[in-house]
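Trainee: Sequence and computational prediction follow.
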Amino acid sequence: MINQNLGKTERFIRLVVGLGLAVWIWQQPEMGIIEWIASICSLFLVLNFFFSRCYAWDLLGLNTCGDDEDCHPSC
């Protein structure tokens, strides 16, 4: 089981930003280095939404899951 460390609000923000980046990338006439970096960031942001997990937050010891949310505690 994946230990969740993202709250509902942060998950929604990450989804909106990730999809916004994807739309921006889709509108670009060619894929340069900036577009490739943005596409990787977009992918990770959308995956963060689906799994409620951010490994950067885990390394920093951050957890935005509230007490009232259905989050699994980190080990």
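Mentor: All right, it came through fine.

Trainee: Return the set of buried residues in the one helix or strand V23 maps to.
Mentor: Using DSSP states H and E, the element containing V23 is helix 8-26. Neighbour counts over helix 8-26 (16 or more other CB atoms under 10 Å) mark E10, R11, R14, V17, G18, L21, A22, I25 as buried. Every C-beta, even on glycine, is put in place using the N, C-alpha and C of the backbone.

Trainee: Could I get the buried residue list for the following helix or strand past it?
Mentor: Counting by DSSP H and E, the next helix or strand C-terminal to helix 8-26 is helix 33-51. For helix 33-51, burial by neighbour count (16+ other CB under 10 Å) applies to E35, A38, S39, S42, L45, V46, N48, F49.

Trainee: now the last one, nearest residue through space, not along the chain?
Mentor: Leaving aside its chain neighbours, F49 sits nearest to L15 (4.0 Å; criterion: CB to CB, 6 or more residues apart in numbering).

Trainee: ok, now the second one?
Mentor: Nearest non-adjacent residue to A38, counting by CB to CB, 6+ apart: L21, 5.2 Å away.

Trainee: what's the residue nearest to the spatial centre of the chain in contact with, if anything?
Mentor: Nearest to the mean C-alpha position of the chain, counting by CA atoms, centre = their mean, stands L45 at 2.7 Å. Neighbouring residues of L45 by CB atoms under 8 Å, 6 or more residues apart in numbering: R14, L15, V17, G18, L21.
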